[in-house]
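task: produce atomic coordinates for the following.
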Amino acid sequence: MRYASSEIEADDILQESFIKIFRNLKSYNDKGKLGAWIRKITVNTAIEFYRKRAIHSQHMNDLALEAETGGSTELFETVDLEILQQEIQKLPDGFRVVFNLYAIEGFTHREIGQQLGIAAGTSKSQFSRAKKLLQKKVNEIYAVEPIKERHAK
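Residues are numbered from 1 along each chain as shown. Down below sits the predicted model:
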């Protein structure tokens, strides 16, 4: 669900992952953990799914550029994870994929750029914008004033 924008999309990604896993099971060589091998296939399938769709909504990107937050990243530590996951799923496709790959999977921006066919700088920019959108949403949900307004008082 971290890579999909809906349950239907997540089901498609999962189904495609299982097909790839079963087709390539003979190539699994017992050198690593089976779970890690399956996870890698699933993440790569999600990336491929994103690449194939390649829907970048310019309107959403423009909204992200205009979004002003200033919220504290420390707030994310106290956020209900289910709410955070729902908000991540609402991010524009590019932002969501980059955010998941960087913040959750631990890929570098260079690696993300190579996987998605984008520049590392684009990955950094999309991650930053995704983080700002999430901060803004979290601030709204938890009725937290942005830092700029708190310091002005």
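
assign R96 to helix, strand or coil.
Assigned state for R96: helix (three-state reduction, DSSP: H, G, I helix; E, B strand; the rest coil).

apart from its chain neighbours, what residue comes closest to it?
For R96, ignoring the flanking residues on the chain, the nearest one in space by C-beta to C-beta, 6 or more residues apart in numbering is I88 at 6.1 Å. Glycine gets a C-beta too; all of them are placed from N, C-alpha and C.

and the pLDDT for that neighbour?
For I88, the pLDDT comes out at 87.

quick check: phi and psi on it?
Per-residue torsions, I88: phi -60, psi -40 (degrees, to the nearest 10).

V97 is in contact with that one, correct?
No. Counting by C-beta atoms under 8 Å, I88 does not reach V97; the two are 10.4 Å apart.

rewinding a little: what distance do you get for the residue nearest to R96 to R39?
18 Å (C-beta to C-beta, to the nearest Å).

who does the top helix by length along the chain touch, helix- and strand-wise?
Among the segments of the chain that qualify as a helix by DSSP state H, the longest is helix 120-141. Taking 3 or more C-beta pairs under 8 Å, 6 or more residues apart in numbering; DSSP states H and E as contact, the helices and strands that helix 120-141 lies on are helix 58-66, helix 81-89, helix 93-99, helix 109-116.

returning to what we had before: look up how far I104 lies from the residue nearest to R96.
Looking at I88 against I104, where the rule is C-beta to C-beta, the gap reads 9 Å.

what touches both of these two?
For the pair I88 and I104, residues contacting each of them under the criterion C-beta atoms under 8 Å, 6 or more residues apart in numbering are R2.

coming back round to it: now the longest helix of the chain: buried residues?
Buried residues in helix 120-141, counted by 16 or more other C-beta atoms under 10 Å: 122-127, 129-139.

which residues touch A120?
Contacts for A120 (C-beta under 8 Å, 6+ apart) come out as T108, H109, R110, I112, G113.

tabulate those in JSON lines, adding columns for neighbour count, pLDDT and distance to N29.
Conversion of the contacts of A120 to JSON lines gives the following (neighbours: other C-beta atoms under 10 Å; pLDDT from 0 to 100; distance: C-beta to C-beta, whole Å):
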{"residue": "T108", "neighbour count": "12", "pLDDT": "89", "distance to N29": "26"}
{"residue": "H109", "neighbour count": "20", "pLDDT": "91", "distance to N29": "30"}
{"residue": "R110", "neighbour count": "12", "pLDDT": "91", "distance to N29": "27"}
{"residue": "I112", "neighbour count": "23", "pLDDT": "90", "distance to N29": "27"}
{"residue": "G113", "neighbour count": "18", "pLDDT": "90", "distance to N29": "29"}
